[in-house]
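Chemist: one predicted model, sequence on top.
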Amino acid sequence: MRERESPLTLLTCSGLSNTGRLTTQVAIQLQRRYPDLFEEHITAKQLILDQEQILRGIENVVVVDGCSDGCAAKKLQDAGYEPYLHVIATDHGVVKKGMEEVQYLEIACVTSAVIELLRGYGRTRGCDPLENISDDTP
């Protein structure tokens with residue numbers, strides 16, 4: 001991954017729909033798997049409540065939005081900041097389905113998308129569960 005001066009902060013929309021809840025789960029996975037890379041996780045709601053205090057000293061914000069509404073990114077931009085990286089779950093194959101449960105595969109795919117984009121791989125593969133299974137797999 002690219003070297004940076006300071007650790008990354010995760011900002012998620014964390015809405016009520018499956019895609020919003022997914023962003024929270026992605027942030028948890030990223031912090032567990034890469035604790036030295038991701039210093040903090042904040043939600044768009046927290047940002048609304050006290051943006052000045054929360055954003056003090058933060059430089060590199062990775063925004064994970066559930067859908068193209070981009071709530072978290074908009075809140076960050078309204079505060080005068082630009083995301084270091086902006087990932088939208090629905091751009092990676094996740095379908096917004098209201099209050100349905102978040103699927104582990106969706107969490108894994110969006111988590112991988114964030115890491116791949118940070119590594120500079122460009123566009124990620126999406127969330128096709130059969131993508132890595134060959135025709136000879138039993």
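Modeler: Everything's here; your move.

Chemist: the residue nearest to residue 88 when sequence neighbours are not counted and residue 85, how far apart?
Modeler: Excluding the flanking residues, the one nearest residue 88 by Cβ to Cβ, 6 or more residues apart in numbering is residue 65, at 4.9 Å. The C-beta positions use only the backbone N, C-alpha and C, and glycine is treated the same way. Distance of residue 65 to residue 85, computed by Cβ to Cβ, to the nearest Å: 11 Å.

Chemist: and those two? Which one has more around it.
Modeler: residue 65 (27 against 13; other Cβ atoms under 10 Å).

Chemist: from the centroid of this structure, which residue is nearest?
Modeler: residue 64 (2.7 Å; Cα atoms, centre = their mean).

Chemist: secondary structure class for that residue?
Modeler: When classified by DSSP: H, G, I helix; E, B strand; the rest coil, residue 64 comes out as strand.

Chemist: which residues touch it?
Modeler: Contact analysis of residue 64 by Cβ atoms under 8 Å, 6 or more residues apart in numbering lists 10, 11, 12, 13, 23, 26, 27, 72, 87, 89, 110, 114.
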